[in-house]
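*Asks:* My questions are about this predicted structure, shown below with the sequence.
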Amino acid sequence: MNPLILLEKLGRAVLNVLALVGRMSIFTARAISHIFRPPYYPRELFNALVAIGWLSLPVVGLTAIFTGGALALQIYSGGARFNAEAVVPQIVAIGMVRELGPVLVGLMIAARVTSSIAAEIATMKVTEQIDALVTLSTNPMKYLVAPRILAALITVPLLVAVGDIIGIGGGYVVAVKNLGFNSAAYLQNTVDFLEARDVISSLVKGAAFGVIAAMMGCYYGMQSGRGAQGVGNATKDSVEAAAILILAANFVLTGVFFSI
Amino acid sequence: MIRMDNVRKAFGENEVLRGMSLHIPKGSSMVIIGGSGTGKSVALKCILGLIQQDSGQILVDGKDAASGDRDAFLARFGMLFQGGALFDSLPVWQNVAFRLLRGSLKRPQEEARAIAIDKLRRVGLKSKVADLFPAELSGGMQKRVGLARAIAAEPEIIFFDEPTTGLDPIMSGVINDLIREIVVEMGATAMTITHDMSSVRAIADNVAMLHDGVIQWTGPVGEMDSSGDPYLEQFIHGRAEGPIEAVR
């Protein structure tokens, strides 16, 4: 292939990515500014709190309990190779709170909430409901976007906290019932080993991942193309973008909190 | 009341409006006709500010539509969308009273509900419909709810976007009659876009035909059949042959 054509294609791809980042940044700045400026829509916020927070509890709980249990089994069998089976409570606690809790909850929220927000808003766009909102003197950024982002900011850290606790609980059940650990000692080791920094990092990650998940759902929903294919693409793109950004943000935040 | 002067709008390479000029006097009912994709909806959305025109001017009561208090400007309008555009998550009465439950026109909930039920009755729906959700309604009922929402706040100007699309001829007639009655009763200025000639004859005081991005012909509805304009004649008689190219 002609190297100039290759260079042109590469340049076009880079420009497209930069334009996307620019559009997302402007959208994010506008969305956040609307959170602080009236009018406010408390009923919409309440509905979003229920949809994002309360209704996500089952999926978060199930994900966390199985992950915590599997983690205990893995650490036990891995630790047995160098006589370190006793570290199961400590590693389950640190693994769940620092990494697996926030990341898995973030990814489950991306799957459940981002897709739902993107599909809902995209459908509203293709059926002219967004235009109808504008003609009814209601700003879609305030009515649709700001409440969802605020709700995710509030609820996802709480979901992460719940996920952390249930995940540790899953590890505890497996360790005590299957691996012969003493119940009181397991709990004591877990509590003693965790630091405030671990918990704070978990909650901060939860807040960041929640905002990313809701923002991507809203952004791709509002940018949706026409018809069923437009809605489908908006949903797919939003989940992909949310998952990638959550993992990238996790790397950055882990570096911020724990780099020595 | 509404004046469009040399309005142009392009989407990429596709120039949809190429200098559209139109005047809609206060209290009159203007119907814009034209084939699919000729820019009728774009023109309507430009007036409302949902789409920004590239050039030209749109004046409402002599004031630039794009300047001034946006909420106050939009509060003067009601709009019936082609597909109804009802909010799926809200019951019918909250759809109708949407504007009355929030913003500058906010009323107590009971009062807003009473107004919504009154408007539903006005468009021929019973009060028991008020607590249903849009998905539970037929297409014709959804159009009526959309119409009730458009008139709920007693707007001065009402836009109707393809009001009879997707309806059977009898329901189309019912909606056309309702629109005409309501516009006369409220003394509102109305702008309807359609390619349904029965709607044109039922609703219009004046007709404008949009073709190739400009107003090809405009005049009173009574002069439409004797206009002598080959574009208009081809359109109203639905002929395949004529100056308007029919893609087959």
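*Replies:* Received the coordinates, thanks. Residues are numbered from 1 along each chain as shown, chains lettered A, B, ... in the order given.

*Asks:* need the strands for chain B, in chain order.
*Replies:* For chain B, the strands identified by DSSP state E occupy B:2-11, B:14-24, B:29-33, B:55-60, B:63-64, B:77-80, B:157-161, B:189-194, B:206-211, B:214-220, in order along the chain.

*Asks:* Tell me which strands the fifth one pairs with, and in which orientation.
*Replies:* Read that as strand B:63-64. Sheet neighbours of strand B:63-64, with direction, are listed as strand B:55-60 (antiparallel) (DSSP bridges).

*Asks:* List the buried residues in the strand it pairs with.
*Replies:* Neighbour counts over strand B:55-60 (16 or more other CB atoms under 10 Å in any protein chain shown) mark B:Gly56, B:Ile58, B:Val60 as buried. C-beta: built from backbone N, CA, C; applies to glycine.

*Asks:* what does stretch B:104-114 give?
*Replies:* The neighbour-count check on stretch B:104-114 (16+ other CB under 10 Å) flags B:Leu105, B:Ala112, B:Arg113 as buried.

*Asks:* Quick check: the first one vs chain A, distance?
*Replies:* B:Leu105 sits 8 Å away from chain A, going by CB to the nearest CB, to the nearest Å.

*Asks:* who's in contact with that residue?
*Replies:* Taking CB atoms under 8 Å, 6 or more residues apart in numbering or on different chains, we find B:Leu105 in contact with A:Ser137, B:Ala75, B:Arg99, B:Ala153.

*Asks:* The third one and B:Pro155 touch, don't they?
*Replies:* What that stands for is B:Arg99. No - the pair B:Arg99 and B:Pro155 fails to qualify as a contact (CB atoms under 8 Å) at a distance of 9.2 Å.

*Asks:* So for these two, which residues contact both of them?
*Replies:* By the contact definition CB under 8 Å, 6+ apart, B:Arg99 and B:Pro155 are jointly contacted by B:Ala75.

*Asks:* Can you tell me which of the buried residues of stretch B:104-114 is closest to B:Leu22?
*Replies:* Closest approach between the buried residues of stretch B:104-114 and B:Leu22, by CB to CB: B:Leu105, at 28.7 Å.

*Asks:* Quickly note the distance from B:Val31 to A:Pro102.
*Replies:* Note on B:Val31: its distance to A:Pro102, by CB to CB, to the nearest Å, is 58 Å.

*Asks:* The two: who's more crowded?
*Replies:* Each of B:Val31 and A:Pro102 had its neighbours counted (other CB atoms under 10 Å in any protein chain shown), and the higher figure belongs to A:Pro102 (33 against 25).

*Asks:* burial count for the residue nearest to the more buried one when sequence neighbours are not counted?
*Replies:* Closest residue to A:Pro102 apart from its sequence neighbours, by CB to CB, 6 or more residues apart in numbering or on different chains: A:Lys205 at 3.8 Å. Other residues near A:Lys205 number 27, with proximity taken as other CB under 10 Å.

*Asks:* before we move on, what about B:Lys26?
*Replies:* 12.

*Asks:* so it makes contact with B:Met1?
*Replies:* Yes - assessed by CB under 8 Å, B:Lys26 is found in contact with B:Met1 at 4.0 Å.

*Asks:* Now the common contact residues for these two.
*Replies:* Counting by CB under 8 Å, 6+ apart, the shared contacts of B:Lys26 and B:Met1 are B:Thr189.
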